[in-house]
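# Sharing a sequence plus its predicted fold:
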Amino acid sequence: MKRIILSAMLVSVMGIASAFATANNPNETTAWKNFKKEFAGAESVQWSAIGDFQKASFVLAGHRAEAYYNADGELAGSVRDLFYDQLPLAVMKTVDSRFENAGIIDVREISNAEGTSYRVQVEYGNKKYSLSLASSGDLLEKKTLK
């Protein structure tokens, strides 16, 4: 009799758990379906909520990346880590001419409805800067970091 009661409880707990798991399963969302189409071959995918957006963090072609999806499951933008030598030549020339022999800390490619831009963090002298650049190499913003 104890086995029957224990088995019944186990089955009901598993049923409840699977019902709740389906509600939070990213495989069931429009964002997940769109992600699979947009970033085929992505590995180590992890989902999280950031404000009104769903963020997918993943590795694609050996580079860490993030994709942001709005409430309708549409891709709002993506961010990809790059190596400095993967930047467009115009961007590299701008950084090199304004910050000669600077130490490159971080390079990211940002793609969204406005187009593609690049964020480059450099160490120049004893200061650190965050640069935002257009694909054309135009410097859009320069911030001093602490």
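Yes, it's here.
# what element comes up after the helix or strand of the chain with the lowest mean pLDDT heading to the C-terminus?
Every helix and strand in the chain was compared by mean pLDDT, DSSP states H and E; the lowest is helix 2-24, with a mean of 41. Using DSSP states H and E, the helix or strand that follows helix 2-24 in sequence is helix 30-38.
# other SSEs contacting the next helix or strand after that next one?
Once the chain leaves helix 30-38, the next helix or strand it forms, by DSSP H and E, is strand 43-50. Judged by 3 or more CB pairs under 8 Å, 6 or more residues apart in numbering; DSSP states H and E, the packing partners of strand 43-50 are strand 53-60. In this view, the C-beta of every residue, glycine as well, is placed from N, C-alpha and C.
# and the strand it packs on, how far from the chain's centre?
Relative to the chain's own centre, strand 53-60 is displaced by 5 Å; criterion: CA atoms, centre = their mean, to the nearest Å.
# contacting residues around it?
26, 29, 31, 35, 39, 41-49, 64-70, 73, 76, 80 (CB atoms under 8 Å, 6 or more residues apart in numbering).
# Tell me the buried residues within those.
26, 31, 35, 39, 42, 45, 47, 65-69, 76, 80 (16 or more other CB atoms under 10 Å).
# any chance of those in a markdown table, plus pLDDT and distance to residue 146?
Converted to a markdown table, the buried ones among the contacts of strand 53-60 look like this (pLDDT from 0 to 100; distance: CB to CB, whole Å):
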| residue | pLDDT | distance to residue 146 |
| --- | --- | --- |
| 26 | 53 | 36 |
| 31 | 92 | 35 |
| 35 | 95 | 35 |
| 39 | 95 | 34 |
| 42 | 94 | 34 |
| 45 | 96 | 33 |
| 47 | 96 | 31 |
| 65 | 96 | 27 |
| 66 | 97 | 24 |
| 67 | 97 | 29 |
| 68 | 97 | 26 |
| 69 | 96 | 32 |
| 76 | 96 | 29 |
| 80 | 96 | 25 |
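# With that, I have no additional questions.
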